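[1] for reference, the sequence and a predicted model appear below.
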Amino acid sequence: MDKKSEGNKSVFDMLSKKLTPENIKKGVNYLSQNGVKQFGAKLVGQLQRESIDYERYRQETEPDNNQLEKQRKFQFSYNPVVSIVVPLYKTPESFLRAMIESVLSQTYKYVELCLADGSGIEDSLIEEIVDQYK
């Protein structure tokens, strides 16, 4: 079983443990007394409160270096350019650099990053930072 299947399995295992006869009975009673809309809202609220270990899920499903290299080398029959348009307004340097690095680390190489700075500041650090990545 691959890492992704194992990660999904653990999430589904956690959720399936909640489907006990007692919880199903409570759910049916709530549904009959409050209707579908309220039942749905309550169910969503309950699921949001459940703690899913995101870091563990990320580690289990994140591609390894071999998978990333395979993705980089894969040739599609058609390679559209994906444009990512990002409005900026007095963006902190650390956030801007992290975002640019994230885009640069993608395995699909036909990507353009379009930044629109609305900060209105002359001699902005944003322009200097962007120039470093050109």
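    Perfect, I can see it now.

[2] counting by contacts, list what the longest helix belonging to the chain packs against.
    Criterion DSSP state H: the longest helix present in the chain is helix 21-49. Packing contacts for helix 21-49, counted by 3 or more C-beta pairs under 8 Å, 6 or more residues apart in numbering; DSSP states H and E, involve no helix or strand. In short, each C-beta sits where N, CA and C put it, glycine included.

[3] got the buried residues for that helix?
    By neighbour count with 16 or more other C-beta atoms under 10 Å, helix 21-49 contains the buried residues Phe39.

[4] what comes up buried for the next helix-or-strand element following that helix?
    Scanning the chain past helix 21-49 towards its C-terminal end, the next helix or strand to appear is helix 54-61 (assignment: DSSP states H and E). By 16+ other C-beta under 10 Å, the buried positions in helix 54-61 come out as Glu60.

[5] avg pLDDT for helix 54-61?
    Helix 54-61 shows an average pLDDT of 83 in the prediction.

[6] quick check: which helices or strands does it pack against?
    helix 3-17.
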